[in-house]
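Visitor: Build the 3D model from these lines:
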Amino acid sequence: QLQLVESGGGLVEPGGSLRLSCAASGSAVGSVTIAWFRQAPGKEREGVSCITSSRIPYQIDSVKGRFTISRDNAKNTVYLQMNTLKPEDTAVYYCAAAPPFASLPMCTMARNYDYWGQGTQVTVSK
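Guide: Here you go, the predicted model:
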């Protein structure tokens, strides 16, 4: 069993920054891939970025150059640094964990994850 707790969401103006944290606990934490998803009202949950246990990152094109995922294995915490935020980044952000993937792009598919956090709201608005 794994437990995931997100924090760091909030209200920020366009162009601003936020850093989200995902604290993981439970068995096999050190061996899982952890991902960040987001879900805006009326839209499907979207995989944004993930990082393997050996800290190999992957992210979707729409956030490249703006979002950076990182992992502190000593603290069992994954971070999502979000810069140059846009109104379209507004969503509830979730972290999720799964065993390693054969192909890294698979890490952005929500159906591949069994463990989820409760989510943290990110709102980008003036």
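Visitor: for the chain, which residue is closest to the average position?
Guide: In the chain, the residue lying closest to the centroid (CA atoms, centre = their mean) is Trp36, at 1.8 Å.
Visitor: What distance do you get for it to Val124?
Guide: As judged by CB to CB, to the nearest Å, Trp36 and Val124 stand 16 Å apart. C-betas here are computed from N, CA, C, even on glycine.
Visitor: what comes into contact with stretch 42-54?
Guide: By CB atoms under 8 Å, 6 or more residues apart in numbering, the list of residues contacting stretch 42-54 from outside reads 30-39, 57-60, 63, 67, 69-71, 73, 78, 80, 91, 93-94, 100, 104, 107-110.
Visitor: Where does pLDDT dip in the chain?
Guide: Residues of the chain meeting the criterion pLDDT under 70: none.
Visitor: can you do 90?
Guide: 1, 27-30, 101-105 (pLDDT under 90).
Visitor: How are the strands of it distributed by residue range?
Guide: Ranges of strands in the chain, per DSSP state E, are 2-7, 10-12, 18-26, 33-39, 46-51, 57-59, 67-72, 77-82, 91-98, 115-116, 120-124.
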